[in-house]
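**Student:** Quick one, structure for this:
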Amino acid sequence: MSIKVVELDSNYLYRYIGDDELEFIRRNGVIYSKNPMGTYFTTLFTNDSQKAMMYLSLSSPPRYRISY
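**Tutor:** The predicted structure follows:
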């Protein structure tokens with residue numbers, strides 16, 4: 001059983017991403033979103049993809065969390 005962790009205001013910046021964005025980062029070496037409003041980071045730390053979707057209004061569950 002894994003423990004669900006949620007910290008709303010950590011001291012680090014995170015981005016929750018899927019397979020396509022991870023592949024883009026690996027190929028190009030940059031973190032970049034196709035969102036015309038910009039690339040967003042958050043201080044939210046969680047290992048629960050459903051909580052990330054809820055708190056960040058994501059359209060699909062993230063598979064990865066990257067830190068900056």
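**Student:** Please, where are all the strands along the protein?
**Tutor:** Along the chain, counting by DSSP state E, strands occupy 6-7, 14-17, 45-46, 64-67.
**Student:** Would you state the helices of this structure in chain order?
**Tutor:** Secondary structure of the chain (DSSP state H): helices located at 19-28, 49-56.
**Student:** Out of the ones you listed, which gets nearest to Glu7?
**Tutor:** Proximity to Glu7, assessed across the helices of the chain by C-beta to C-beta, is greatest for helix 49-56 (10.5 Å). For glycine as for every other residue, the C-beta is placed from the backbone atoms N, C-alpha and C.
**Student:** List of residues touching the closest one?
**Tutor:** Contacting residues not belonging to helix 49-56 are listed as 4, 6, 8, 16, 42, 44, 46, 58, 60-63, 65 [C-beta atoms under 8 Å, 6 or more residues apart in numbering].
**Student:** Could you report the neighbour count for the closest residue to Val5 other than its chain neighbours?
**Tutor:** Among residues not flanking Val5 along the chain, Asn47 sits closest, at 5.0 Å (C-beta to C-beta, 6 or more residues apart in numbering). A total of 12 residues lie near Asn47 under the criterion other C-beta atoms under 10 Å.
**Student:** For Asn47, give me the pLDDT.
**Tutor:** What the model reports for Asn47 is a pLDDT of 93.
**Student:** List the contacts of stretch 10-26.
**Tutor:** Residues from elsewhere that reach stretch 10-26 (C-beta under 8 Å, 6+ apart): 31-33, 39-45, 49, 52, 56, 58, 60, 62-68.
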